[in-house]
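Peer 1: Show me the folded form of this:
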Amino acid sequence: MYSLLAGIVGPENVSREDFELWCYSRDAGSVFPQLPECVVTPKSKKQVAEVLKVADRYKKPVIPRGAGSSMCGAPVPLKRGIVIDLTGLKRIKIQDEGGLFVRAEAGVIWTEIIEVLKQRGRGIGLEGPWSAPSATVGGSIAVGAICMGTAKYGGLGTQILGLEVALADGSIVKTGSAANPKNEMVMRDCNGADLTGLFIGSHGTLGIITEVSLKTYPLHQAEAYYAYSFESLEDAAKAVYGLAKDEIAFDCRMFVYPVPEEIGGRAGVVYMLKGSTSQVQELGEKSKKIMRLAHGKNIPKFGEQYYKGRFTARVKAFGEAGPGWLEVAGYIPILRYPDIAKEIINFWEKREEEAKKLNVKWSLGALLETHSINIPVAIFCNEVKREAWQRINNYWHELAELMYEGGVSPYWIGHISSHIVKRWGSYYQLYKRIKKTLDPDNTLNPGML
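Peer 2: This next block holds a predicted model:
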């Protein structure tokens, strides 16, 4: 098998050396590392398909991987097998002369797309996840990553016009308008069922995304940034609800624990506006009124500081808190946020002494996604301290259970939800039937479901 893989991608692009296998044994989170049998780095979509054919012949597990910046363990090879490193797929193509669409292969970094379009006076709706300077488009779509700009545009699916996907047997499918070989990926809602949505957030369990087509927009003229402090979770949630109801913010985040010292209070809300100069001014005035009605206190300069450092702030914060972190997150209606947040806070209050002894830290916040809110809870510890590491894994699963029972729908299907997905009833059974049809030998990222 190894010689066949080397024949497809070249011996320099396949490895089974331990030091390289360790590099592919985990993602940015703290899911326990698992070594693959080998790592393959194809340089074309055709090579991806050929690698899958070899894996299908030998019934070997295949785990697709982008930059590994996810936190849910999606690229961790639970059943060993072959890790396909897709960062070698780097081509970007403007689909038409006016630049209304852009096609990018799976290994392209978000900021690379932004720069290419900027030269044409265009941009993308979502700026990619907070790890955009390193995250690949294929990996982000595979885990359904929350991106900067979700307050305005929603999830990744709102920006995707079509996908090219390599299936378990090595066959290729193009979704949406590209199903017609004489057309391109310019429209998703055609040719019957929306197969594009099938692969978004599927964690590589149904197919390997090799290319995506995205909408583009004129570059915005202006940006504005705001930050407010609130003395209650209820007021903060009402403020975020107001921004959502009137469709004001491009991006919006809430801090609950810890609240940055610069903001203070019980909770903090930061948000960003984008558009023409007049639009940003008008939306800014509307947003200020919403904040006043929710009893918010304006915090000058913090919003600008936060958003202008949006691609480095999270790395810095997590670097100081770690090394070693896990996250559990999910969606719920905006005004239900305070009730769930209080349960999470109570969870940590009951474990305060133990967490302090183990030097375990945690954070709680929220991200607006058009009409709903995402609740991320991050847990940090030093992985070298095995007792602490084991304990945060327990906390992780306990919090997932607490949030699920409170009505939160899990953000990832990855390892954090392994004991929850089976309780989705007919939804889970349908997913399994689709999986069985597309991947009858369960070779694509086995163990993820």
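Peer 1: Let me know how buried the spatially closest residue to residue 226 that is not a sequence neighbour is, in neighbour terms.
Peer 2: Excluding the flanking residues, the one nearest residue 226 by Cβ to Cβ, 6 or more residues apart in numbering is residue 303, at 4.6 Å. For glycine as for every other residue, the C-beta is placed from the backbone atoms N, C-alpha and C. Residues within reach of residue 303, counting by other Cβ atoms under 10 Å, total 23.
Peer 1: Which helix or strand contains residue 303?
Peer 2: Under the criterion of DSSP states H and E, residue 303 resides in helix 302-308.
Peer 1: roughly how far is that helix from the heart of the chain?
Peer 2: Relative to its chain's centre, helix 302-308 lies at 22 Å (Cα atoms, centre = their mean, to the nearest Å).
Peer 1: what do you get for stretch 176-188?
Peer 2: On Cα atoms, centre = their mean, the centre of stretch 176-188 falls 26 Å from the chain's centre.
Peer 1: tell me which residues of it are tucked away?
Peer 2: Neighbour-count burial for stretch 176-188, counted by 16 or more other Cβ atoms under 10 Å, picks out 176, 177, 178, 184, 185, 186, 188.
Peer 1: Among those residues, give me the pair with the biggest separation.
Peer 2: Greatest spacing in the buried residues of stretch 176-188, by Cβ to Cβ: 184 and 188 (12.1 Å).
Peer 1: shared neighbours, those two?
Peer 2: residue 177 (Cβ atoms under 8 Å, 6 or more residues apart in numbering).
Peer 1: would JSON lines of the buried residues of stretch 176-188 with distance to residue 107, secondary structure and pLDDT be doable?
Peer 2: Output for the buried residues of stretch 176-188, formatted as JSON lines (distance: Cβ to Cβ, whole Å; DSSP: H, G, I helix; E, B strand; the rest coil; pLDDT from 0 to 100):
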{"residue": "176", "distance to residue 107": "21", "secondary structure": "helix", "pLDDT": "94"}
{"residue": "177", "distance to residue 107": "24", "secondary structure": "helix", "pLDDT": "95"}
{"residue": "178", "distance to residue 107": "19", "secondary structure": "helix", "pLDDT": "95"}
{"residue": "184", "distance to residue 107": "20", "secondary structure": "coil", "pLDDT": "92"}
{"residue": "185", "distance to residue 107": "17", "secondary structure": "coil", "pLDDT": "93"}
{"residue": "186", "distance to residue 107": "22", "secondary structure": "coil", "pLDDT": "93"}
{"residue": "188", "distance to residue 107": "22", "secondary structure": "coil", "pLDDT": "94"}
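Peer 1: Show the low-confidence segments of this structure, by residue range.
Peer 2: 29-31, 311-323, 414-418 (pLDDT under 70).
Peer 1: Quick check: can you list the domain ranges of it?
Peer 2: Following automatic domain parsing, the chain resolves into domains at 88-218, 222-308, 313-417.
Peer 1: chain center to the biggest helix by length in the chain: distance?
Peer 2: Across the chain, the longest stretch assigned as helix under DSSP state H is helix 386-405. For helix 386-405, the gap between its own C-alpha mean and the chain's C-alpha mean amounts to 20 Å (Cα atoms, centre = their mean).
Peer 1: Please name every helix or strand in contact with that helix.
Peer 2: Applying 3 or more Cβ pairs under 8 Å, 6 or more residues apart in numbering; DSSP states H and E, one finds that helix 386-405 contacts strand 325-333, helix 337-350, helix 352-358, strand 372-380, strand 409-410.
Peer 1: Let's have the ones you listed in CSV, adding mean neighbour count and distance to residue 41.
Peer 2: Formatted as CSV, the helices and strands packed on helix 386-405 follow (neighbours: other Cβ atoms under 10 Å; distance: least, Cβ to Cβ, whole Å):
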stretch, mean neighbour count, distance to residue 41
strand 325-333, 21, 27
helix 337-350, 16, 40
helix 352-358, 13, 38
strand 372-380, 22, 31
strand 409-410, 16, 31
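Peer 1: any chance of those in TSV, plus distance to residue 24?
Peer 2: Converted to TSV, the helices and strands packed on helix 386-405 look like this (distance: least, Cβ to Cβ, whole Å):
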stretch	distance to residue 24
strand 325-333	19
helix 337-350	33
helix 352-358	29
strand 372-380	23
strand 409-410	25
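Peer 1: Which positions in the helix or strand in which residue 21 is found come out as buried?
Peer 2: Assessed by DSSP H and E, residue 21 sits inside helix 18-23. Across helix 18-23, burial judged by 16+ other Cβ under 10 Å covers 20, 21.
Peer 1: who does it touch, helix- and strand-wise?
Peer 2: strand 38-40.
Peer 1: Other residues contacting the next helix or strand after the strand it packs on?
Peer 2: Remark: after strand 38-40, the chain's next helix or strand is helix 45-58, criterion DSSP H and E. Residues from elsewhere that reach helix 45-58, judged by Cβ under 8 Å, 6+ apart: 1, 4-5, 8-9, 40, 42, 60-62, 81-82, 84, 86, 89, 105, 164, 166-172, 208, 210-211, 441, 443.
Peer 1: which parts of helix 45-58 are buried?
Peer 2: Buried-residue list, helix 45-58, by 16+ other Cβ under 10 Å: 45, 47, 48, 49, 50, 51, 52, 53, 54, 55, 56.
Peer 1: Output the residues you listed as a markdown table; include the columns distance to residue 422.
Peer 2: Shown next, in a markdown table, are those (distance: Cβ to Cβ, whole Å):
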| residue | distance to residue 422 |
| --- | --- |
| 45 | 34 |
| 47 | 36 |
| 48 | 31 |
| 49 | 32 |
| 50 | 35 |
| 51 | 31 |
| 52 | 27 |
| 53 | 32 |
| 54 | 32 |
| 55 | 26 |
| 56 | 27 |
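Peer 1: Next, find the distance separating the spatially most central residue of the chain from residue 126.
Peer 2: Nearest to the geometric centre of the chain sits residue 145, at 1.7 Å (Cα atoms, centre = their mean). Residue 145 sits 9 Å away from residue 126, taking Cβ to Cβ, to the nearest Å as the criterion.
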